[in-house]
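> Turn this into a structure:
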Amino acid sequence: MRALTLTTTGAICALALVTAGFSADAAETGATYYAAPNATRTSGCTRSEPCTLAGALSSAKAGSTVQLESGTYPVSTPLSVSTAVVIHGATGPAMPEVLGVLTLTKDLLALSGGASISAVRLRSEAPGRDALDLNGATGDQLILEEAASAPAKGGHPPAAADLVASSSGTVLRDSVAWGSGTGTEGVIARSGKSPSASESIALVNDTLIGTGTTGNGLLSEQAAGTDTVLNTVLAGAAGDVVAAPSGIVRIEASDFNPAHSSGYTGGAGNLAAGALFVDAAAGDFRELAGSPTIDGGMRSASIGPSDPDGKPRTLGSAPDIGAYEYLPLGSITPGSTTTPTGTPGPSTGTSGPNTPTAPVIGRLAGVERVSGRVLVRTPPSPSFTALSGASTVPMGSVIDARRGVVRVTTALAGHGRKQSLRVWGGLFQVNQSSRGSGMTRITLTGALGSCARHARAATSAASNHRPKMRRLWARDSHGQYSTYGNNSVATVRGTEWETIDTCAGTLTRVVRGRISLRDLRRHRTVLVRAGHSYLARP
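Numbers count the residues shown, from 1 in each chain. Model prediction:
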């Protein structure tokens, strides 16, 4: 993968100054005010006696911090901050959500005057009301969603984020802005009341998605100044990037379709390959293994320290394009898998998946391609066939989901009961016993190569050689599943997790939920919770 270097000039220099101010510890210059979802207080706002969100924001002064505890904050009255207050949540599964309800009469949250917000999810369900407005303010590690489908209000189309150019710089970084409502924008960029060439907007490592026939990833209506876009995914049903007048928006090292865009100036390192997401329809814009956006960005002083999950930026040879950083493991990087036994080849066209029927416990599993490229090999065929929709396959089938996402559905004991699991990023076999409650076994497949002791020592001694490995991501919803690696068995409990086999052992990493993991070599069972991992050594 390339590792390009960006010269920090113009708007990016301004962004670097904003970044420095944003990363400072605001608690050193002012008090910290705490908010909790079920709080009723409107003043004091201490850790032991937190306030409502509105109470904490109204209590905070310039230079102080507002800390949001995890949970959901329903909001019916618009929120705003116009001074240099720092608003913090938490990255990953503990990220708090600020929810704009249907009766909201203005945009959910408006920040200006040097205010900043990080590690918070903001979702507007109110027709025509944006999730976040930034004007001379900074947003970082945010998940923004405009969920309502409605006509424009406030003089512009509804958007997940409404950014107003400012001479002090308006910044959105390491964030998702998703217009999930029909006809909504990911981001709309506008000029202030008195447009000036000194005004700027910077978008760095963002994922901007617009939906519906009129939705754009980025709609720029800025009349003067500059919009600088770096390391960003832009996609919209109407247009990926639409800028009028032209010449304001400059894009570098980003992923978008030039044929589906207009009015921008292109710089170095742009892609038109299309990012691969875990589940874009459900709003999960994390990268799949094999996405061209992995390590596809430029290095710059303007990039942030981590993504919305809290993963460090950068993990590979260069920063990823988009809000999230794909997580390699040490020196194990995407694309370093060995060629598996039974590498998919030309299909004979005679042994592919069957027409969909109901799954049968111990005999048949349902498989459905969710996104990307998925291949299936059913026994006893030696050939793989492409999976284009939903099918039924016999137990023992091997599924290649290294470049796609597949939903696996199996039957449970009891009439008509079923369970489903999403799997991606690897090659695996699905099995299930006809006896018992319906526990489904997902086994990593593909040759791991020689794992002689001297080879393990070489890879663990910081050599330049990448260790051989195979990996698999999966997510379930309280089903009965076990994933089998060489050295451990993980039984899930409502979880998103990754299993990686290397010569060093089987690593299980949990993103959500928890896993009961059996170490096959040490004959013990451990509970692995979200944010933790366990390496079962050979």
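> all strands for the stretch 401-538 of the chain, in order.
With DSSP state E, counting those that start in this stretch applied, the stretch 401-538 of the chain shows strands at 418-424, 427-432, 440-444, 469-476, 481-484, 488-492, 496-502, 505-512, 514-519, 524-529, 533-536, listed in chain order.
> Quick check: which of those is nearest to residue 32?
Of all the strands of the stretch 401-538 of the chain, strand 524-529 sits nearest to residue 32, with 27.3 Å by Cβ to Cβ. The C-beta positions use only the backbone N, C-alpha and C, and glycine is treated the same way.
> Just want the angle from that closest one to strand 505-512.
40 degrees (axes from the mean of the first three to the mean of the last three Cα atoms, to 10 degrees).
> one step back: mind putting the strands of the stretch 401-538 of the chain into CSV with mean pLDDT and distance to residue 177?
Shown next, in CSV, are those (pLDDT from 0 to 100; distance: least, Cβ to Cβ, whole Å):
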stretch, mean pLDDT, distance to residue 177
strand 418-424, 88, 24
strand 427-432, 92, 34
strand 440-444, 91, 34
strand 469-476, 81, 23
strand 481-484, 85, 33
strand 488-492, 80, 31
strand 496-502, 82, 23
strand 505-512, 84, 22
strand 514-519, 88, 31
strand 524-529, 89, 30
strand 533-536, 88, 30
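> Need those strands in a markdown table (columns: mean neighbour count and distance to residue 221).
Shown next, in a markdown table, are these (neighbours: other Cβ atoms under 10 Å; distance: least, Cβ to Cβ, whole Å):
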| stretch | mean neighbour count | distance to residue 221 |
| --- | --- | --- |
| strand 418-424 | 21 | 37 |
| strand 427-432 | 23 | 47 |
| strand 440-444 | 21 | 49 |
| strand 469-476 | 23 | 38 |
| strand 481-484 | 23 | 48 |
| strand 488-492 | 23 | 47 |
| strand 496-502 | 25 | 38 |
| strand 505-512 | 22 | 38 |
| strand 514-519 | 20 | 47 |
| strand 524-529 | 14 | 46 |
| strand 533-536 | 18 | 46 |
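> Out of the ones you listed, which is closest to residue 304?
Set against residue 304 and scored by Cβ to Cβ, these come closest in strand 505-512, at 20.0 Å.
> Within its sheet, name the partner strands of the closest one and how each one runs.
Taking DSSP bridges as the criterion, strand 505-512 forms sheet pairs with strand 496-502 (antiparallel), strand 533-536 (antiparallel).
> Out of those, flag the one nearest residue 58.
Smallest distance to residue 58 across the strands paired with strand 505-512 (Cβ to Cβ): 37.1 Å, for strand 496-502.
> residue ranges with poor pLDDT in the stretch 1-150 of the chain?
Residues of the stretch 1-150 of the chain meeting the criterion pLDDT under 70: 1-29, 150.
> Going by residue numbers, what spans are helices in it?
11-23, 53-59 (DSSP state H, counting those that start in this stretch).
> picking that back up, could you dump the strands paired with strand 505-512 to TSV with distance to residue 73?
Listed next are the strands paired with strand 505-512 as TSV, based on distance: least, Cβ to Cβ, whole Å:
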stretch	distance to residue 73
strand 496-502	24
strand 533-536	31
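> Show me how the record splits the protein into domains.
Domain segmentation of the chain under automatic domain parsing yields 4-26+73-299, 364-459+467-536.
> Export these to TSV and append columns for distance to residue 50.
What follows is the domains of the chain, written out as TSV (distance: least, Cβ to Cβ, whole Å):
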stretch	distance to residue 50
domain 4-26+73-299	11
domain 364-459+467-536	23
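> Out of these, the one nearest residue 35 is which?
Proximity to residue 35, assessed across those by Cβ to Cβ, is greatest for domain 4-26+73-299 (7.4 Å).
> Tell me the gap between the closest one and the middle of its chain.
15 Å (Cα atoms, centre = their mean, to the nearest Å).
> Among the strands of the stretch 401-538 of the chain, which comes closest to residue 196?
The nearest among these, by Cβ to Cβ, is strand 505-512 at 44.1 Å.
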